[in-house]
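Engineer: no sequence on this one, just coordinates:
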């Protein structure tokens, strides 16, 4: 994608509003099913990480900004959390923007909407004086891992398990 195309797409990204909640819930269902197919031992089918009231509370909270890609309808979202460390015995002081969840509608994938969302969130993090951008990707979600690596992210730590 040429730089001007990416810039053109960024104007479709904005803070979520309560009117966006039905579309966001629909996308949350899509994300859940990706996780359920990947790990049915962990994720229940046909549900969402957040309900309508929880999404409304996240939208209203400055520390949990939710962004949407709206091109005549919501085609993607990014749930974020500003995390700050102050006075910790071990960790350096500083702010991080954690991407709690990011999704592009299955019908709109391949149109660089994810990149537009990611670029917008990255710029938001810079303007909020965050030192880093973090997120988690489930093992086996190779498409998400590849996307985030293309965006410039690298592995920070690895969670491990032993199924019993």
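Structural biologist: Arrived safely. Please read these numbers as outputs of a predicted model, since none were measured by experiment. Residues are numbered from 1 along each chain as shown.
Engineer: Just give me how far stretch 40-59 sits from the chain centre.
Structural biologist: Computed by C-alpha atoms, centre = their mean, to the nearest Å, the chain-centroid distance of stretch 40-59 equals 14 Å.
Engineer: So which residues make contact with that stretch?
Structural biologist: Contact with stretch 40-59 is made by 15-18, 20-21, 24-25, 28-29, 31-33, 35-36, 64, 66, 79, 101, 163, as judged by C-beta atoms under 8 Å, 6 or more residues apart in numbering. Placement of C-beta: from N, CA and C, glycine included.
Engineer: Just the buried residues out of those residues, in ChimeraX syntax.
Structural biologist: Restricted to buried positions by 16 or more other C-beta atoms under 10 Å, the ChimeraX selection for the contacts of stretch 40-59 reads:
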select :16,20,21,24,28,31,32,35,36,66,79,101
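Engineer: and the contacts of stretch 40-59, which of them are in helices?
Structural biologist: Secondary structure from DSSP state H places 21, 24-25, 28-29, 31-33, 35-36 of the contacts of stretch 40-59 in helices.
Engineer: Find the residue closest to the spatially most central residue of the chain in space, skipping its chain neighbours.
Structural biologist: Taking C-alpha atoms, centre = their mean, the centroid of the chain lies closest to residue 102, which sits 2.6 Å from it. Excluding its sequence neighbours, the residue lying closest to residue 102 (C-beta to C-beta, 6 or more residues apart in numbering) is residue 78, at 4.6 Å.
Engineer: State the distance from the one you found to residue 112.
Structural biologist: 14 Å (C-beta to C-beta, to the nearest Å).
Engineer: Looking at these two, which is more packed in?
Structural biologist: residue 78 (25 against 16; other C-beta atoms under 10 Å).
Engineer: To which secondary structure element type does residue 116 belong?
Structural biologist: Using DSSP: H, G, I helix; E, B strand; the rest coil, the structure places residue 116 in helix.
Engineer: list the contacts for the residue nearest to it when sequence neighbours are not counted?
Structural biologist: Spatial nearest neighbour of residue 116, excluding adjacent residues (C-beta to C-beta, 6+ apart): residue 9 at 3.9 Å. Residues near residue 9 by C-beta under 8 Å, 6+ apart: 69, 112-113, 115-116.
Engineer: name the element residue 9 belongs to?
Structural biologist: Assessed by DSSP states H and E, residue 9 sits inside helix 3-10.
Engineer: Please report how far the residue nearest to residue 104 when sequence neighbours are not counted lies from residue 85.
Structural biologist: In space, and not counting its chain neighbours, residue 104 is closest to residue 76: 4.1 Å by C-beta to C-beta, 6+ apart. According to C-beta to C-beta, residue 76 and residue 85 sit 29 Å apart.
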